[in-house]
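Peer 1: I'd like to go over a predicted model; first the sequence, then the structure.
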Amino acid sequence: MAKGSQLSQLKAALSQAGLHEISRKNKKKKTSSHTAERDRVTKAAKLREIQQKLNPFDVKVTKLKHDVGGRKIKGVMGRPAQSKQAGVQQREKTLLKELEERGRVGGVVDRRFGEDDPSMSLEERMLERFTRERQRTSKADMFNLEDEEELTHYGQSLSKVDDFDDFGIPMDDDDDEGQLNRETVHKTHFGGFDDDDVAEKPEEPTSKKSKREVMAEVIAKSKEHKVRRQMEKEKKENIRYQLDQDFDSLKSLLYVSDLSPPEDAFGGTAETSLPEEKDDSLDYDKQVRELAFDKRAKPKDRTKTEEELALEKKEALEKAERRRQRRMLGEDPDESNDDMAAGRKRKRAPVGDDLEDDFVGDDSGVVGAGLGEGGLAPGEVEDGETDSDGTADTGDDDSEEDGDNYSASGESANRELGSEQGNSTETMTAQQASRPQKSSMAPKELPYTFPSPASHEEFLEIVEDIQDEDVPVVVERMRVIYHPSFAPDNKLRLQTLTRVLVDHILYVASPPKPRIKLVSSLIPHLFALSRSYPSEAAECFVGKLSLMYKNLSRGLASGVLEVNSKTWPGFSELTFLRVTGIIWPTSDMKHVVVSPARLLMGAYLSLCRVRSFADLASGLFLSSLFLQYEALSKRLVPEAVNFVVNAVLFLAPNPYTSSDALPGTFPSPDLHSDLCAALTINPKVARNLVFHKPDLWQLLSCDVTEQSKLDALGLAVDLLDRFAELYKPIDGFIELYDPIYSIISSLECKRLSKDVQFSLASVRDKVGRLLKYARQSRRPLLLQAHKPIPIPTYIPKFEQKSSSYLRRQDPDHERNEVSKLRYQLKQEKKGAIRELRKDARFIAAVEQKKQVEKDQAYSEHMKKVFGSLEGERAEQKAMQRQKMRDKRRAGCK
């Protein structure tokens, strides 16, 4: 290619190819058509080659890494522009056609009824199709005059009139063998031109009827047809009436007649003796008319917010308290200053001439005398409200919502408390007898509003004369009255109420007569308040735990084995720890309340020494609390397991003389000590005794008996069973329970009752099975199995088949074929993905082009519209200017 500009290169290429001289040859020289066509093809090929040489950017050349002579490699040189154009043209022929015909639906669809239903036979299909066709034609033939509608003329059916009756043509084929008579031929054919015959018959009309005669005849026939229709209608009415009468008589035979005396006895006729009552269910029209008078549904009130519900409850309690105050003073509870100010209609006072027909009884019993007198349940005091502000309508709903709120706030706490109290390891007492009455006088009516207590002493003053079963109602009404949405200070009051409830739980659970029922009823309210104010409630609980830890430290400092030193927790402290596990989540790894409680209980079990049976009972209860605390997290608590094992050794007869002879590493400093010697069960006395569910308060307060010792032993054995079930998934279960199994197996309980022996044997067998399964599932530690690491070498690796075209050669023929197919699949997949992307770009370009054309058409249309509007506006302004000029000219003149 010559150097220079594109034009000079083009001229040089044309002259070199001989095309420049060809264009200058004489055009008059004649050539054959075959030669001219061949020259044209040659010329086009040369021009294409020159064009490609002049555009080197259209050619893409892949540089080879190793150029080997004589080897042809596919894809070294490519023309992306041409290939792209060819692809676009191909997609315009195929993909664009499919895109344009995307919505078309071709083919014949068999829509005949039952064609795709194999359960229908051919006869059923044909019958159903015929039925559908008749239904379709009956709808379409509403205005068809050929099938069902009967045409009439002057009251006569046209179907009964023959067109040839007036012409004397007989319809019977046998008469005269189908021949016309002479008279018919003479009159109607070509014999009617004789005037003599017409004169011979004067009776026939010689002239056509006039219009008046024709109309008179039509009117007469119409009246006749009208009269005939009326007669037919009356006849049908008579038939229908007779049918109704027959039906009434038939119905009197089908149904039982009325037992009332007939009307003949009272002067009635025999015709009216038939029952005239009709079944209303059969009178469809009557029922349809009655539906129009049904009461329409009214829209309900919207769902109220929590603040609105709390406000309604508060107002209801305040209103009930005002009514109670007026009843207490002997006044009418319905009269109040608010009602009088609102112009409420008051009850008229009785006078001397009253007939007592407007007497209204005292409705004080509607509200009730309060829960103190066994009145209504909590939340039902609003049912009797009948004031004008609508409290009577919403009182019951509010009470139900209040009860729901109360139950929802402590639902989980009650469920957890109920489930765990049913546990056999639970030793918390459940007092059967309620708190005795404080006075022999009749209890007072329970107020509806209470002041907010600032301390536990004030709360005790409030509930001083209130029964234990009514204390939760008092707390509930305090929560309603002092809802946080009513006043900014109510939040602080409820926080104070939380601390007061904690103190009150410790107060009622303290000796000499703990009230467990009251504690259980207060837990839901404390649970709800702790969820509402977790920080303040946690601070209160942590403060109590800190006080208990200080008491423990003081007791340990005074002497571990001193009988008077207070090291183990009392009944109230144990109840507080139980409530802590109910209120707060015990499965957390770190918790601001539960973690200190867990540490405190572990300190009790590990640092305190057993000096009496009460200490043993406290330790067993703490172990049961640990079992409940770790039910979900399953964390190992060695202090609890160690204490339970020591309790078994303390109570049951065993062959071990000292702690050194015990299997395992469990510390047992108090084994066979002077203080614990009295805890061992006497087999002679307990020979006929069996295990019972222990009562914590009895174990802590009453005298020690053989039955209480046996109950404590049963509790300890049951705790070992439950701890084994809890800790069986851990890796150290064998090391933990193998010594325990040896201790249980060595207990000397043959002189005890058979039930006790059976319980011990069942626990021993279960622990033995768990140990067996644990040994079978345990596998020794092994080194990590991996491919050996080869020693590094620098010897070169020689391959006999190192050519690139033999890279996929494998000695295994099947594996080689699979490798080839896998490679081919990979290449085809890549090619398919590439083509799909190109198709997507092509479709996007087509859609964009359509959108551009649409936008251009819309813009052109809007331009035309705006142009016409502007032209009209310009004409309007020109006319206005012309009018103004005309006005000015007229004014000048």
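Peer 2: Arrived safely, thanks for sending. Numbers count the residues shown, from 1 in each chain.
Peer 1: apart from its chain neighbours, what residue comes closest to residue 612?
Peer 2: In space, and not counting its chain neighbours, residue 612 is closest to residue 675: 7.0 Å by CB to CB, 6 or more residues apart in numbering. For the C-beta atoms, the positions are set from N, CA and C on the backbone; glycine is no exception.
Peer 1: please read the previous query as pertaining to residue 707.
Peer 2: Nearest in space to residue 707, with sequence neighbours left out and distances taken as CB to CB, 6+ apart, is residue 689 at 5.6 Å.
Peer 1: where does residue 666 land in three-state SS?
Peer 2: Look at residue 666: counting by DSSP: H, G, I helix; E, B strand; the rest coil, its state is coil.
Peer 1: what about the residue nearest to residue 707, which helix or strand?
Peer 2: Using DSSP states H and E, residue 689 falls within no helix or strand.
Peer 1: distance of it relative to residue 615?
Peer 2: In this structure, residue 689 and residue 615 are 22 Å apart, going by CB to CB, to the nearest Å.
Peer 1: neighbour count winner among these two?
Peer 2: residue 615 (21 against 18; other CB atoms under 10 Å).
Peer 1: per-residue pLDDT of the more buried one, please?
Peer 2: On the pLDDT scale, residue 615 is placed at 88.
Peer 1: I'd say it and residue 568 touch.
Peer 2: Yes: here residue 615 reaches residue 568: they are 4.8 Å apart, a contact under CB atoms under 8 Å.
Peer 1: what is in contact with these two at once?
Peer 2: Residues touching both residue 615 and residue 568 comprise residue 608, with contact defined as CB atoms under 8 Å, 6 or more residues apart in numbering.
Peer 1: secondary structure class of residue 553, three-state.
Peer 2: Once three-state DSSP is applied, residue 553 turns out helix.
Peer 1: with residue 559 as the reference, measure out to it.
Peer 2: Residue 553 is 13 Å from residue 559, by CB to CB.
Peer 1: now residue 331
Peer 2: Distance from residue 331 to residue 559, by CB to CB: 67 Å.
Peer 1: which strands or helices does the helix or strand harbouring residue 869 pack on?
Peer 2: When elements are defined using DSSP H and E, residue 869 is found to belong to helix 813-892. On a contact count with 3 or more CB pairs under 8 Å, 6 or more residues apart in numbering; DSSP states H and E, helix 813-892 meets helix 80-93, helix 95-100.
Peer 1: now that helix: average pLDDT?
Peer 2: 93.
Peer 1: what's near enough to touch residue 745?
Peer 2: residue 764.
Peer 1: my guess is residue 527 meets residue 580, correct?
Peer 2: No: Residue 527 is beyond contact range of residue 580, at 11.5 Å (criterion: CB under 8 Å).
Peer 1: surely residue 763 is in a strand?
Peer 2: No: membership of residue 763 in a strand is not supported by three-state DSSP, which gives helix.
Peer 1: how about it: what's its closest non-neighbour residue?
Peer 2: residue 721 (4.8 Å).
Peer 1: how about the secondary structure of the one you found?
Peer 2: Three-state secondary structure (criterion: three-state DSSP) places residue 721 in helix.
Peer 1: neighbours of it, how many?
Peer 2: By other CB under 10 Å, the burial measure for residue 721, its neighbour count, is 20.
Peer 1: gap between it and residue 770?
Peer 2: Taken as CB to CB, the span from residue 721 to residue 770 is 10 Å.
Peer 1: ok, residue 57 next?
Peer 2: Counting by CB to CB, the gap from residue 57 to residue 770 is 82 Å.
Peer 1: between those two, which is the more surrounded one?
Peer 2: residue 770 (19 against 6).
Peer 1: please name the nearest non-neighbouring residue to that one.
Peer 2: residue 728 (5.2 Å).
Peer 1: pretty sure that neighbour contacts residue 771?
Peer 2: No: using CB under 8 Å, residue 728 is not in contact with residue 771; the gap is 9.3 Å.
Peer 1: and for the two, which residues touch both?
Peer 2: In contact with both residue 728 and residue 771: no residue, using CB under 8 Å, 6+ apart.
Peer 1: can you map out the helices along the stretch 1-150 of the chain?
Peer 2: For the stretch 1-150 of the chain, the helices defined by DSSP state H, counting those that start in this stretch occupy 6-17, 19-23, 33-54, 80-93, 95-100, 122-140.
Peer 1: which of those helices sits closest to residue 841?
Peer 2: When those are compared by CB to CB, helix 80-93 sits nearest residue 841, at 9.8 Å.
Peer 1: can you name every helix or strand that that closest one contacts?
Peer 2: Helix 80-93 packs on helix 813-892, going by 3+ CB pairs under 8 Å, 6+ apart.
Peer 1: and residue 704, how many neighbours?
Peer 2: 16.
Peer 1: list the contacts for it?
Peer 2: Contacts for residue 704 (CB under 8 Å, 6+ apart) come out as 613, 678-679.
Peer 1: then residue 509?
Peer 2: Residue 509 neighbours (CB under 8 Å, 6+ apart): 515-516, 519, 571-572, 575-576.
Peer 1: for it, give its distance to residue 549.
Peer 2: Distance, residue 509 to residue 549, using CB to CB: 19 Å.
Peer 1: what about the residue lying closest to residue 656 once chain neighbours are set aside, how many neighbours?
Peer 2: Spatial nearest neighbour of residue 656, excluding adjacent residues (CB to CB, 6+ apart): residue 662 at 5.7 Å. As a burial measure, residue 662 scores 20 neighbours (other CB under 10 Å).
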